[in-house]
Every structure is written in structure tokens, then in C-alpha cells.
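K.L.:
Sequence plus the predicted model coming up.
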Amino acid sequence: MGFQESVVSLILASVGALLLVVAATIVALLVSYVIQAYSQKNRPPVAGPIFSQLLNFDKLFDFLTYHAKKNITFRMITPTHSEIYTADPVNVEYILKTNFPNYGKGAYNLGILYDLLGEGIFAVDGDKWRHQRKLASHEFSTRVLRDFSTIVFRKNAAKLVSHISKAANGKEVINLQDLFMKSTLDSIFKVGFGVDLDTLSGSDESSNRFMKAFDDSNNLVFWRYADLTWRIKRYFNIGFEASLRQNIVVIDNFVYDLIQRKREQMKIGKLDGGKEDILSRFLIESKTDPENMTDKYLRDITLSFVIAGKDTSAGTLTWFFYMLCKHPLIQEKAAQEVRAATQTENNSTDEFHDKLTEAALDKMQYLHAALTETLRLYPAVPVDGKAAGEDDTLPDGFKVKKGDGVNYMAYAMGRMTSIWGEDAEEFRPERWIDNGVFKPESPYIFTAFQAGPRICLGKEFAYRQMKILAAVLLNSYKFRLANENEEATYRVMLTLHMSKGLYLYAIPRQ
Ligand code: HEM
């Protein structure tokens, strides 16, 4: 046999071996699918293999809603376990409260989230979660944080108006989502970490780079839930995993620099006794426990607060203004309530800010309802995942196996007629109002803030920020979509962003 022939037969043998491995893997996956799908009694109905999510990735939350409308609890199959999805409030209460210890984030979620969020509060269970929850809840309950954050929100709202006024006078289109993301990032950096970023002015290149890297990573990490080959891609540093790695380097440089600056402030005694922001509280704690409170751990804690403080409120405000543009009468009603609550007759921003007191905000019940209605249809965390620690049975009788993913779908729940009635998909803030007063719903039905021991720590903080920003903008402008025929869509991420941004005109109010 000549040299060329030997090479050809070697290549053929290698291709043959590769095909055999691929065929064996496909057969193994099929067998695993069939076993999981058909041989277990009292399991939730199967909606398909998990990779069907990949085929419907751009519309993932609607794809899950479509299945939830057929079966309120269902599952999708991965080669190793089932991912259970539920929109049933009774199951949600059981998972989030009644049997809370069995439904932690689990190793599966931590594995997916680790590169971005590390061991921050969103990703961990057990002692690490308890420790961060305790320190952060203390911080959130203080009057100091409440008063300080209100000042920061008002200041950033004024900056936002001044930014918009330039475009409004020039009749230019503005991207409100982008402005909200910047404004809420500035607020969480000031309140959470005691740092003035001023991304809104656009002058700080590094914070803008950080914000973009953070948003892209949030999207790229979500791919891991649907693309089961992500570990291989990460190993070879290819595809979306290569982009994720590059983005995380940008994020790390930015956050480690922040921690370094705070440590230096602490060395010269500026932080002791002050404890004015969340990061300072953790840094002071790190002096008593330096082995565990490393820079890496502080980085993880910081990033969890960035994702919590920026994306959720900015995303909700974006969808809120989108809905107001789609429903001009509701926009007018909310604007009139703002003026009545502050007893404002003209749009002088200075006069308005003085009148935007705690009492005035409390009077804005319709605004509160309209923000809540937005969260019902566009929950900032559309799907939230837990993992079963042990075999279990849900209240509806379906069996859960140890290691199963168990997800509740806030996005689908907001669209279920079985929960909200025939008008479930309509934007109707009035459904939250009783005798002129906002009427809350059970957190197991309206799940936007989660519920039980891990309920959102920043709920009150978020409403205050959103009400201040919304009130200041509604007092100053009427908003109209730049393209009234376009329907907004979301970008599939851990949090619900609008895919292309929110482009609109801001018309000064008389
Ligand atoms: C519209 C605004 C917000 C919504 C809809 C929202 C929703 C949520 C949801 C669904 C969770 C559970 C996430 C999970 O476990 O996977 C959560 C947790 C959390 N949220 Fe919020 N959030 C909002 C704003 C905020 C803000 C502004 C902050 C802080 C500044 C904050 C701080 C937290 C923290 C610390 C947790 C972790 C709680 C724990 O695991 O014990 N949130 N939030």
C-alpha cells in the first residue's frame, strides 16, 4: 500500500470511529429520553426534549407559556434529568415556602451561573446564602438606606429629565431603555457601593464598557440552559463561551478595581462606623473574617447586587412606558394622579422635586397599580429555577426526582386565564385597585418578586425608585412610540430586557 492510500484509509477509519461515537451518543440520548419520558408513573407530562428550547430561543418565555396553557405543570427532558416547569400557584407556594429546604438553587444552577455570579446571593444556598441575606436584610431595613436612596433616586431622576429635555426640544427619538439602565446603574453604585459612576452623562468610558459586558454576559449565560454543549465550548473557548469569557474579564477588572478603592478608603479609616452602603458593610465584616471574605467573594456579592438593582427596575420601567404608549388613556390617568398627589400645576422640575415627598408617593395608588400590572405581564425575572434535593411529591400529585430542575414561570403565570380571568393578557391596572386603593395579590399568584424565605429584598426599594423616576418623567413629558406599529420583543436573558431598546418621542407637557 502506498503512502497516500495509507493516509486515506487512516482518515476513513477516524471518520468511521467518529461517526460511531456520534451514533452511539444519539442512541444513548434517545434511550435516556424514552426511559425518562415513558417509564415513570405520576410524573408531569413531557413537553419535549430540552433542546426544543434552543429551537425556540428567541421566544422562549412564550414557548413555555404555550406549553403551560396546555399543561399547567410539565417537564422537558435533558440527558441526565428532567426540568419541571410549573405555573400552578399551589405548587409555587409548596416549592418556595412549604418545602423550601428541598428546593435550593442546586449544583445545576450554580454550575451555569458560577462564571458570572460566582457565590453571590442569587446563586448560592445554605450558609453562604444565609450570611449574605442576613447582612443585606439588615442594610435594607435601615432608615439611613431609605432616606439616602430617596435622595439618590431624585437626583438621578432630575439628571434623566435634563438628558431627555435636550432630545425633546430637538424632537429627537430617545432610547428610554438605555437611559433607564444607565440611571439605575448609577443609583445602585451610589446606594450599594458608595461610588459616583455617572454613566448617564456617557463620559465614563470604563463604566459604559462594564455595563455592556454585563448585559451581554447576562444573555450569554442564559444560553447555557438550552445549549447542553456549553461545557465543551467553554473548555475549547469557542462560540458564545469565548465571548462570555472576554466579557467576564471586563467585568472582573472593573469590580476588582472598585473593591480595591473601597479597601483603601477603609485603610484610611473612612468606612469605619459609617456603614453607609451595602459593600462597606460587607467590607467591615471582612475584617473579622478575612479568610472567607476574599476579594473574589466580595466581587460575587457586588455583581449580584448589580443584576438585582439595575436590570430589574430598569427593565420594568421600560415595559411600563411601552405599555403607557400603547394605552394613552392610562398614560394620562397616571400623569394626572402624579400631578394631583404632588399638587403640581405646571412642569417646573424644581418645584416638582420638592413636592415629591414620601406622602405624595404613597398617594400614587394608580401608578403603583400600573407598575404592578406591568410586572404581571413582563416580570423582570421571567423564569426562576430551583433544584430538588430529594425525591418529593408536589401538591398536584406529580412526582419530583432528586436532581430534577423545578422552575416556576412568572411570565406564563401572568398570562393564565385560570389565574387572572379571561382578560389575563390585557393591560388593565384597574384590576389592582379596590375603592381607590392598591390591593396586593398573594405572592404565590403574583410571583414577580418571588416569595417565601427568599423573597426579593429590594421590593420596597424598587417601587420607590420606579415611582420616583416614573412620576418625574410623567410630570414633564407625554411619550409616544417612534414606530407605533412595531411590537416590542424581549431579549432572552436572566432578566427581561426589550430586545432592541425602547425608542420614543418625549413631548413636553404644558
Ligand atoms: C422590579 C424590581 C425587582 C424585581 C421584579 C425583583 C425580583 C426578584 C426576584 C424574582 C428574586 C428571586 C431571584 C432568585 O432567587 O433567583 C429577587 C431576589 C433578590 N432581589 Fe429583587 N427584584 C427587583 C428589584 C430589586 C432591587 C432594586 C434590589 C436591590 C437593590 C433587589 C435585591 C434582591 C436580592 C438581594 C435578592 C436575593 C434574595 C435571596 O436570594 O435571598 N431586587 N428579586
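P.N.:
Right, received. Where do you want to start?

K.L.:
Quick check: next helix or strand after whichever helix or strand Lys333 is part of?
P.N.:
Lys333 belongs to helix 328-342 when assigned by DSSP states H and E. As assigned by DSSP H and E, the chain's next helix or strand after helix 328-342 is helix 349-355.

K.L.:
Report the rounded mean pLDDT for that following helix.
P.N.:
Helix 349-355 carries an average pLDDT of 77.

K.L.:
related to what we said a few turns ago, who's in contact with the helix holding Lys333?
P.N.:
323-325, 344-345, 352, 355-356, 360-361, 363-367, 370, 427, 429, 470-471, 474-475, 478-479, 509 (CB atoms under 8 Å, 6 or more residues apart in numbering). For glycine as for every other residue, the C-beta is placed from the backbone atoms N, C-alpha and C.

K.L.:
Tell me the buried residues in it?
P.N.:
Ile330, Gln331, Lys333, Ala334, Ala335, Glu337, Val338, Arg339, Ala341, Thr342 (16 or more other CB atoms under 10 Å).

K.L.:
Ok, stretch 306-322 next?
P.N.:
By 16+ other CB under 10 Å, the buried positions in stretch 306-322 come out as 306-322.

K.L.:
before we move on, what about stretch 489-508?
P.N.:
For stretch 489-508, a neighbour-count test (16+ other CB under 10 Å) marks 490-498, 501-506 as buried.

K.L.:
Out of these, which two sit at the greatest distance?
P.N.:
Leu494 and Tyr505 (30.9 Å; CB to CB).

K.L.:
wait, doesn't Val406 sit right on Val383?
P.N.:
No. Between Val406 and Val383 there is no contact, the gap being 11.2 Å when judged by CB atoms under 8 Å.

K.L.:
who's more crowded, these two?
P.N.:
Neighbour totals were compared for Val406 and Val383, and Val406 leads with 26 against 20 (other CB atoms under 10 Å).

K.L.:
Out of the buried residues of stretch 489-508, name the ones that lie in strands.
P.N.:
Judged by DSSP state E, the subset of the buried residues of stretch 489-508 located in strands is Tyr490, Arg491, His497, Met498, Tyr503, Leu504, Tyr505, Ala506.

K.L.:
Which one of these is nearest to Leu244?
P.N.:
Nearest to Leu244 among those: Arg491, at 15.3 Å, using CB to CB.

K.L.:
Need the per-residue pLDDT for the closest one.
P.N.:
88.

K.L.:
same check, this time on Ser82
P.N.:
For Ser82, pLDDT reads 92.

K.L.:
which secondary element of this protein has the worst mean pLDDT?
P.N.:
Least confident helix or strand of the chain, by mean pLDDT, DSSP states H and E, is helix 3-38 with a mean of 74.

K.L.:
Name the next helix or strand following that helix along the chain.
P.N.:
Next element after helix 3-38 (DSSP H and E): strand 46-49.

K.L.:
Adjacent strands (with direction) for that following strand?
P.N.:
strand 73-77 (parallel) (DSSP bridges).

K.L.:
how much does the strand it pairs with deviate in direction from helix 3-38?
P.N.:
Taking axes from the mean of the first three to the mean of the last three CA atoms, to 10 degrees, one finds strand 73-77 and helix 3-38 inclined to each other by 160 degrees.

K.L.:
Show me the contact partners of the helix or strand just after strand 73-77.
P.N.:
Following strand 73-77 in sequence order, the next helix or strand is strand 82-86 (DSSP H and E). Strand 82-86 is contacted from outside by 36, 43-44, 47, 50, 64, 67-68, 72-77, 92, 95, 383, 385, 394, 398, 400-401, 404-409, 412, using CB under 8 Å, 6+ apart.

K.L.:
Next, the residue in the chain that the ligand sits nearest to: phi, psi?
P.N.:
As assessed by CB to the nearest ligand atom, the ligand sits closest to Gly458 within the chain, at 2.1 Å. Gly458 has phi and psi values of phi -110, psi 20 when expressed as degrees, to the nearest 10.

K.L.:
residues touching it, list them.
P.N.:
Counting by CB under 8 Å, 6+ apart, Gly458 has contacts Phe140, Ala308, Gly309, Thr312.

K.L.:
Quickly note the distance from the residue nearest to the second one when sequence neighbours are not counted to Lys59.
P.N.:
Nearest-residue entry for Ala308: Gly458, 5.8 Å, with adjacent residues in sequence omitted and distances by CB to CB, 6 or more residues apart in numbering. The span separating Gly458 from Lys59 equals 29 Å under the rule CB to CB, to the nearest Å.

K.L.:
Many thanks, have a good one.
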